[in-house]
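Visitor: Make a model of this:
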Amino acid sequence: MRKYFGTDGIRGRVGEPNISPDFVLKLGWAAGRVLGHGNGSTILIGKDTRISGYMFESALEAGLAAAGVNIRLLGPMSTPAVAYLTRTFRACAGIVITASHNPYQDNGIKFFSAGGDKLPDEVELAIEAALEQPLHTVDAAALGKARRVEDAGGRYIEFCKSTIPAAMNFRGLKLVVDCANGATYNTAPYVFQELGAEVIPLGAEPDGLNINRNVGSTSPGALCKAVVAAGADLGIAFDGDGDRVLMVDAQGRLVDGDDLLYIIARSRQAAGTLRGEVVGTLMSNLGFEHALHRAGIGFARTQVGDRYIMEHLKRTDGILGGEPSGHIICRDRTSTGDGIVAALQVLAALSRLDATLDALCAEVEHYPQVLINIRLPERRDLVSLPAVVDAVFVAEQELAGRGRVLLRPSGTEPLVRVMVEGADGAQVQALAERLAAVVRDQIASGPA
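Guide: Okay, the predicted model is just below:
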């Protein structure tokens with residue numbers, strides 16, 4: 001069992017025990033001990049635009065230096081950009097200070113291996129074990145040194161552009177690009193501009209407090225309105241750390257990660273480069289799965305979380321996977337979910353297939369899906385309680401094979417997520433509300 005790491009690094013409210021300056025300093029030291037490869041090794045640090053990022057950047061820097069590791073500071077940089085730069089700098093690891101789609105009051109620490117991959121469980125456990133040891137600073141002559149990387153953004157922009165054919169451009173396209181006031185504000189608009197598109201930026205003025213606030217992939221309403229108002233061809237929305245992307249078509253309708261993954265898969269299929277099954281999660285819509293099957297494309301589900309998608313892709317030598325939230329992995333292009341790279345693959349697919357976004361999305365019939373998030377006063381295993389198990393069984397019997405029920409704890413927040421999906425929207429809504437009521441009753445009754 002992991003004590004500190006969740007499904008995607010360490011995350012929490014700023015100032016609380018695991019997201020405090022003293023803890024993050026020791027985390028930097030522990031990570032340096034485990035991930036560093038002796039004197040002269042280097043670890044990169046990037047961050048999103050939260051005001052607390054300055055504080056945690058300094059804490060990590062001090063901890064890594066105490067472990068004898070050199071530091072390269074990237075400044076505001078998306079999570080996938082840090083993964084890419086970790087590989088190109090031949091660093092022994094990369095660290096991102098971010099709470100992704102959460103509000104500014106939260107923050108977190110994500111890690112990448114030298115290959116730009118998420119850390120395996122055994123390495124996270126080794127870091128946790130080091131955290132339990134006393135902090136010992138290396139000899140003064142062996143302390144790590146820090147240096148800021150001035151051209152990090154430019155390097156990443158060029159990489160993003162290289163993921164589509166060199167002869168392809170987007171001249172004539174008008175795009176609204178919503179950066180969520182987050183880590184992509186200083187890269188995403190330039191990627192699309194340099195490829196010829198007319199770009200209208202949105203959510204590109206971070207102030208340390210407005211990340212994900214009423215903009216970005218978690219609040220796409222502003223983008224929907226902006227696309228229609230500007231007469232744009234489509235809109236692109238990233239989340240705070242840039243590893244997720246959603247789109248909006250010319251009519252202002254939201255296009256989720258399932259739709260985008262379907263479009264990329266069809267394009268790879270048409271080009272003869274699709275390899276392996278497309279991988280989704282337990283949250284992927286049944287209509288998306290059926291659309292892939294109609295197109296002759298295999299599909300597999302994993303647990304929720306990009307690390308599980310990536311594990312399945314590696315095990316089966318697949319190249320495409322993703323979640324409805326817009327976390328899309330194009331393994332033939334990069335080593336992790338990358339919102340900008342995924343958006344470019346969609347635009348390239350539209351060009352290659354000579355189709356509009358709304359036309360390709362029409363091939364996917366989404367089943368009604370109701371998701372209810374129930375906040376917990378403390379982390380508890382409610383999903384396996386007999387009353388909850390019985391309620392799920394009854395709901396599944398009522399769906400009679402025409403839908404799905406999923407109850408799961410969030411890996412990043414104290415939440416239980418209740419999801420019901422099926423062909424009958426009214427039935428789905430009623431079943432979801434009934435299951436949510438059972439879960440709330442169990443919370444009210446207290447620990448068993």
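
Visitor: So which helix or strand of this structure has the lowest pLDDT on average?
Guide: When the helices and strands of the chain are scored by mean pLDDT, DSSP states H and E, strand 403-409 comes last with a mean of 88.

Visitor: List the buried residues of it.
Guide: By neighbour count with 16 or more other C-beta atoms under 10 Å, strand 403-409 contains the buried residues G403, R404, V405, L406, L407. Yep, even glycine has a C-beta here, placed from its N, CA and C like the rest.

Visitor: Centre of the chain to the helix or strand following it, how far?
Guide: As assigned by DSSP states H and E, the chain's next helix or strand after strand 403-409 is strand 415-422. In terms of C-alpha atoms, centre = their mean, to the nearest Å, the centre of strand 415-422 is set 20 Å apart from its chain centre.

Visitor: got the angle for strand 415-422 vs strand 403-409?
Guide: 180 degrees (axes from the mean of the first three to the mean of the last three C-alpha atoms, to 10 degrees).

Visitor: For strand 415-422, C-alpha coordinates in PDB please.
Guide: Coordinates of each C-alpha in strand 415-422 appear next as PDB, following Å, rounded to 0.1, in the frame of the first residue of the first chain:
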ATOM      1  CA  LEU A 415     -14.800  11.400  -3.600                       C
ATOM      2  CA  VAL A 416     -16.900   8.400  -4.600                       C
ATOM      3  CA  ARG A 417     -17.900   8.500  -8.200                       C
ATOM      4  CA  VAL A 418     -21.300   6.900  -9.100                       C
ATOM      5  CA  MET A 419     -21.700   6.300 -12.900                       C
ATOM      6  CA  VAL A 420     -24.600   4.700 -14.700                       C
ATOM      7  CA  GLU A 421     -24.800   4.400 -18.500                       C
ATOM      8  CA  GLY A 422     -27.500   2.900 -20.700                       C
END
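
Visitor: Just checking: what are the partner strands of that strand?
Guide: Strand 415-422 sits in its sheet next to strand 369-375 (antiparallel), strand 403-409 (antiparallel), going by DSSP bridges.

Visitor: in that strand, what's buried?
Guide: Neighbour-count burial for strand 415-422 [16+ other C-beta under 10 Å]: L415, V416, R417, V418, M419, V420, E421, G422.

Visitor: would you turn those residues into TSV with distance to L175 and pLDDT?
Guide: Formatted as TSV, those follow (distance: C-beta to C-beta, whole Å; pLDDT from 0 to 100):
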residue	distance to L175	pLDDT
L415	33	87
V416	37	89
R417	32	90
V418	36	94
M419	32	93
V420	35	95
E421	31	93
G422	35	91
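
Visitor: how is the protein carved up into domains?
Guide: Annotated domains of the chain cover 10-149, 167-255, 256-342+354-366, 369-444 [automatic domain parsing].

Visitor: Kindly reformat the ones you listed as CSV and extend each row with distance to Y156.
Guide: Formatted as CSV, the domains of the chain follow (distance: least, C-beta to C-beta, whole Å):
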stretch, distance to Y156
domain 10-149, 4
domain 167-255, 6
domain 256-342+354-366, 8
domain 369-444, 25
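
Visitor: Can you get me the start-to-end distance on stretch 157-177?
Guide: Distance between the two ends of stretch 157-177: 15 Å, counting by C-alpha to C-alpha, to the nearest Å.

Visitor: List the contacts of I109.
Guide: The contact partners of I109, by C-beta atoms under 8 Å, 6 or more residues apart in numbering, come to G9, I10, R11, V24, L27, F56, L60, I95, V96, I97.

Visitor: Now the residue lying closest to S20 once chain neighbours are set aside. Its backbone dihedrals?
Guide: Residue nearest to S20 in three dimensions, not counting chain neighbours: V14, with 7.9 Å by C-beta to C-beta, 6 or more residues apart in numbering. Torsion angles at V14 (phi, psi; degrees, to the nearest 10) stand at phi -60, psi 130.
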